[in-house]
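Engineer: I'd like to go over a predicted model; first the sequence, then the structure.
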Amino acid sequence: MKRPEGAAVRTDRSGIGGLFQDASPPAWTESEAQGDVPGRCRKILKNVFGYDSFRPPQEEIVTHVGEGGDAFVLLPTGGGKSLCFQIPALVREGTGLVVSPLIALMDDQVSALRENGVRAAAIHSGLDAKTSWRYERELEEGRLDLVYVAPERVLSERFQEVLKRSSLSVIAIDEAHCVSQWGHDFRPEYVQLGLLAELFPGVPRMALTATADGPTRREIVEKLRLMDAKVFTRSFNRPNIRLRIGPKDEPRRQLLRFLREEHAGDSGIVYRLSRADVEKTAEWLSKEGIRALPYHAGLPAETRRRNQETFLREEGVVVVATIAFGMGIDKPDVRFVAHLDLPKSVEAYVQETGRAGRDGLPSNAWMVYGFQDIAMMRSMIQGSEAPEERKRVELQKLNALLGLCETASCRRQSLLSYFGETLEEPCGNCDTCLEPQQTFDGTEAAQKALSAVARTGQVFGVSHAIDVLTGEATEKVRLNGHDRLPTFGVGKDLGKTAWNAIFRQLAAQDLVGVDMSRYGRLHLTERSWEVLKGQRKVPLRSEVVREGRTARKEKRKASAILGAGIDPGLLKDLKLLRTALAKEHGVPPYIVFGDRSLQEMAQQHPRTELEFSQISGVGAMKAKRYGPRFLELLRSR
Ligand code: ADP
Ligand code: ZN
């Protein structure tokens with residue numbers, strides 16, 4: 001390592017020197033600075049970020065990269081990827097270069113770092129010329145610990161010159177799955193980032209992503225030239241997210257009840273498929289007194305920006321959005337993700353629900369869906385312009401998702417097995433675990449349903465079929481003479497809700513076809529005939545009486561989410577104080593302190609500076625900046 005003789009060792013780099021000017025500086029001795037990377041990483045973790053321990057495999061990663069190795073980091077959302085490059089950047093000489101695809105992501109991380117006293121900057125097109133020039137100077141002069149830039153800037157020759165005049169400690173490529181042409185976050189510039197290997201030999205490089213599938217991983221390694229990088233990964237299980245998927249009957253009422261009973265005052269996302277539904281749902285929730293904002297690609301950029309900003313900066317905001325709202329939402333305290341429409345695939349489900357509970361606290365992934373949703377998704381795929389091969393793949397992916405929706409066993413086991421992971425025991429935190437599903441041999445019911453479809457000529461929709469089955473002599477039934485069919489009334493013993501559930505399950509198993517372009521006409525498929533001929537058994541879930549019971553149970557659980565010994569009144573006041581301080585400092589509340597820190601305060605009730613600094617998430621800078629105000633409140637109780 002080249003360093004001028006006698007130069008100060010990390011006293012004013014890494015933000016630590018400046019940070020501890022009037023606290024106690026952990027100035028490294030010469031020997032410490034050169035060796036003991038793990039020890040120094042642990043110190044930074046506590047002093048700068050306020051955390052007591054690494055999460056697996058953070059420690060191995062920061063040590064490996066801190067000592068100069070390349071790394072490929074695959075961790076689930078919320079796994080704590082940021083620290084994996086931030087700490088090596090602080091522990092090594094020079095500035096850490098972070099390539100990030102979105103300005104919002106960069107700005108968010110930079111403000112969080114600055115709150116912790118780290119000298120970080122993002123250079124991007126949103127800055128005026130003077131500011132970006134100033135940051136470039138700081139970079140060249142080694143006065144930054146971390147610099148965030150977009151991929152196109154890294155590719156510009158002018159900026160490469162700036163980088164060459166600087167000293168880089170580590171190069172991190174965040175959201176590395178953007179190299180993949182097949183993913184929907186594809187960014188062509190990412191493909192060229194492999195050239196950083198040539199431009200900066202000897203600087204450790206790392207790629208980070210939460211995308212789990214094999215082909216994308218291989219693409220990342222190849223395009224970013226990380227063949228020799230050590231791969232770090234761990235389970236993609238997110239045990240703190242409770243998975244629930246239920247039948248849709250009155251979606252608005254169901255959503256409202258979910259929000260009111262389980263998430264009053266929480267931040268969350270409601271996903272909808274169409275822009276029109278986004279707007280209608282947001283409007284309706286607002287009328288019901290919930291702070292809901294719409295977000296979709298058809299809204300003016302300014303409205304989108306403002307709504308996203310409000311979601312990030314204020315507490316208790318619900319965003320109703322299409323999938324246009326996604327990457328870049330690094331908000332750690334999203335307490336729920338609700339789907340009122342089906343996602344496209346298991347991958348999409350995981351990605352979208354994964355935005356809940358990054359902070360590791362209990363969160364809900366909640367979805368309702370029905371017969372119409374299945375029919376709609378199928379026909380959207382079938383009716384698209386895509387080549388047949390692609391349609392086939394998309395239908396397979398949809399079927400895998402429907403399998404997850406209709407499973408009667410643990411959802412998490414089924415989800416993880418889709419990604420090749422095995423969860424030995426049922427998870428205990430999904431609806432099917434919490435309330436075991438009864439299944440029954442539904443072959444006879446299925447035969448009745450399908451024969452109603454066959455005998456009415458395969459030209460009617462599901463509600464007509466159900467009228468016939470339940471013996472409801474509507475005008476349409478009478479006019480068509482369907483009240484004289486042998487099938488008329490054969491399903492009287494079950495109600496309409498039950499028949500709806502049966503048709504939904506038949507559609508999910510592809511045992512009945514639906515043509516959405518023709519008013520949802522039902523028709524028989526090859527597989528339907530196997531059922532009618534008695535060649536195929538049809539297991540069904542019996543879920544008819546579920547609704548009411550689930551709600552009561554869940555309600556009890558929701559209140560149990562707060563940990564033992566937390567004083568709710570104090571927690572509320574701590575949150576108010578956090579909001580006030582966030583306003584004063586112009587940052588989102590979660591950047592002041594995460595929910596976990598506030599919960600610990602409300603539980604442990606620190607009264608001295610020392611006790612306060614032991615709270616998770618309280619680093620030296622935050623202790624200094626916010627400690628007095630929080631202690632004032634805590635001591636008054
Ligand atoms: P990712 O980028 O992998 O989705 P983040 O880096 O945003 O995850 O981290 C998620 C949350 O976990 C953040 O609030 C972060 O501060 C917190 N976190 C990360 N590492 C630790 C740790 N070792 N101890 C406690 N909290 C941590
Ligand atoms: Zn489970």
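Structural biologist: Yes, it's here. Ligands and ions are numbered 1, 2, ... in the order given.

Engineer: show me what contacts the residue nearest the centre of the chain?
Structural biologist: Among the residues of the chain, the one closest to the centroid is R355, at 1.9 Å (Cα atoms, centre = their mean). R355 is in contact with T77, I269, G326, I329, K331, V334, V337, counting by Cβ atoms under 8 Å, 6 or more residues apart in numbering. All C-beta atoms are positioned from the backbone trio N, CA, C, and that covers glycine.

Engineer: these in strands, which ones?
Structural biologist: Here DSSP state E is the test, and the contacts of R355 give I269, V337 as lying in strands.

Engineer: show me which pair in the contacts of R355 is furthest apart.
Structural biologist: Across the contacts of R355, the longest distance by Cβ to Cβ is 13.0 Å; it joins T77 and I269.

Engineer: who has more neighbours, these two?
Structural biologist: Taking other Cβ atoms under 10 Å, T77 and I269 do not tie; I269 has more neighbours (25 against 20).

Engineer: I figured that one hits V337, correct?
Structural biologist: Yes - with contact defined as Cβ atoms under 8 Å, I269 reaches V337; the gap is 5.0 Å.

Engineer: list the residues that contact both of these two?
Structural biologist: Residues touching both I269 and V337 (Cβ under 8 Å, 6+ apart) are E352, R355, A356.

Engineer: from those residues, which land in strands?
Structural biologist: Among these, no member falls in strands (DSSP E).

Engineer: which single residue in the stretch 301-450 of the chain comes nearest to ligand 1?
Structural biologist: Using Cβ to the nearest ligand atom, the closest approach of the stretch 301-450 of the chain to ligand 1 is made by P332 at 3.9 Å.

Engineer: return the residues in contact with the closest residue in space to V37 that isn't next to it in sequence.
Structural biologist: Nearest residue to V37, sequence neighbours excluded (Cβ to Cβ, 6 or more residues apart in numbering): G66, at 4.1 Å. By Cβ under 8 Å, 6+ apart, the contact set of G66 is V37, P38, R40, C41, I87, P88, V91, R92.

Engineer: count the residues that sit near F72.
Structural biologist: Neighbour count of F72, defined by other Cβ under 10 Å: 24.

Engineer: hmm, it is touching I220, no?
Structural biologist: Yes - because the distance of 7.0 Å satisfies Cβ under 8 Å, F72 is recorded as touching I220.

Engineer: overlap in contacts, these two.
Structural biologist: Counting by Cβ under 8 Å, 6+ apart, the shared contacts of F72 and I220 are A176, A207, L226.

Engineer: just curious, which of the residues you listed is nearest to ligand 2?
Structural biologist: Nearest to ligand 2 among those is A176, at 30.3 Å by Cβ to the ion.

Engineer: return the residues in contact with that closest one.
Structural biologist: For A176, the contact set (Cβ under 8 Å, 6+ apart) comprises F72, Y190, A207, L208, T209, I220, L224.

Engineer: let's see 6 Å
Structural biologist: A207, L208, T209, I220 (Cβ atoms under 6 Å, 6 or more residues apart in numbering).

Engineer: what's the distance between it and L113?
Structural biologist: Distance, A176 to L113, by Cβ to Cβ, to the nearest Å: 20 Å.

Engineer: again with L340
Structural biologist: 36 Å.

Engineer: tell me the contacts of the residue of the stretch 501-637 of the chain found nearest ligand 1?
Structural biologist: For the stretch 501-637 of the chain and ligand 1, the shortest gap (Cβ to the nearest ligand atom) falls at G594, measuring 5.2 Å. Residues near G594 by Cβ under 6 Å, 6+ apart: P332, D359, G617.

Engineer: look at A104 and report its pLDDT.
Structural biologist: For A104, the pLDDT comes out at 84.

Engineer: quick revisit: which one of the shared contacts of I269 and V337 is nearest ligand 2?
Structural biologist: A356 (16.2 Å).

Engineer: pretty sure that closest one contacts D333?
Structural biologist: No - if you go by Cβ atoms under 6 Å, A356 and D333 don't touch, sitting 9.5 Å apart.

Engineer: which one of the contacts of G66 is nearest ligand 2?
Structural biologist: I87 (34.1 Å).

Engineer: contacts for the one helix or strand the closest one maps to?
Structural biologist: In this structure, I87 sits in helix 81-91 according to DSSP states H and E. With contacts defined as Cβ under 6 Å, 6+ apart, helix 81-91 is touched by 14, 40-41, 44, 58, 61-62, 65-66, 73, 75, 96, 145-146, 169-170, 172, 206, 208.

Engineer: filter those residues down to the ones near ligand 1?
Structural biologist: Q58, L75 (Cβ under 6 Å from any ligand atom).

Engineer: T209 and L45, how far apart?
Structural biologist: 22 Å.

Engineer: what's the answer for R355, then?
Structural biologist: 25 Å.

Engineer: do the same with H177
Structural biologist: Relative to L45, and taking Cβ to Cβ, H177 is found at 27 Å.

Engineer: the more surrounded of the two?
Structural biologist: A count of neighbours by other Cβ under 10 Å puts H177 above the other of H177 and L45, at 26 against 22.

Engineer: neighbour-wise, which of L340 and L113 wins?
Structural biologist: Shown here are L340 and L113; by other Cβ under 10 Å, L113 has more neighbours (25 against 22).

Engineer: next, count neighbours for the residue lying closest to that one once chain neighbours are set aside.
Structural biologist: Sequence neighbours aside, A120 is the residue nearest to L113 in space, at 3.9 Å (criterion: Cβ to Cβ, 6+ apart). Around A120 there are 25 other residues, counting by other Cβ under 10 Å.

Engineer: wait, A120 touches A112, no?
Structural biologist: No - A120 is not in contact with A112 according to Cβ under 6 Å; the separation is 8.7 Å.

Engineer: and the helix or strand hosting A400, what does it pack against?
Structural biologist: Using DSSP H and E, A400 falls within helix 388-406. For helix 388-406, the packing partners by 3 or more Cβ pairs under 6 Å, 6 or more residues apart in numbering; DSSP states H and E come out as helix 346-353, helix 371-382, helix 496-508.

Engineer: try it again at 10 Å.
Structural biologist: Using 3 or more Cβ pairs under 10 Å, 6 or more residues apart in numbering; DSSP states H and E as the contact criterion, the elements in contact with helix 388-406 are strand 241-247, helix 346-353, strand 363-369, helix 371-382, helix 411-418, helix 496-508, strand 539-542.

Engineer: got the angle for that helix vs helix 411-418?
Structural biologist: Following axes from the mean of the first three to the mean of the last three Cα atoms, to 10 degrees, one obtains 150 degrees for the angle between helix 388-406 and helix 411-418.

Engineer: where in the stretch 1-150 of the chain is pLDDT low?
Structural biologist: By pLDDT under 70, the low-scoring segments of the stretch 1-150 of the chain are 1-34.

Engineer: tell me which parts of it are close to ligand 1?
Structural biologist: Contacts of the stretch 1-150 of the chain with ligand 1, taken as Cβ under 6 Å from any ligand atom, map to Y51, F54, R55, Q58, L75, T77, G78, G79, G80, K81, S82, L83.

Engineer: at 8 Å instead, please
Structural biologist: Residues of the stretch 1-150 of the chain lying near ligand 1 by Cβ under 8 Å from any ligand atom: 45, 49, 51-55, 58, 75-84, 112.

Engineer: again, but for the chain
Structural biologist: 45, 49, 51-55, 58, 75-84, 112, 174, 208, 210, 330, 332, 358-360, 590, 594, 596, 616-617.

Engineer: from Q254, how far off is the residue of the stretch 151-300 of the chain found nearest ligand 2?
Structural biologist: Residue nearest to ligand 2 within the stretch 151-300 of the chain (Cβ to the ion): L243, separated by 7.0 Å. L243 sits 16 Å away from Q254, going by Cβ to Cβ.
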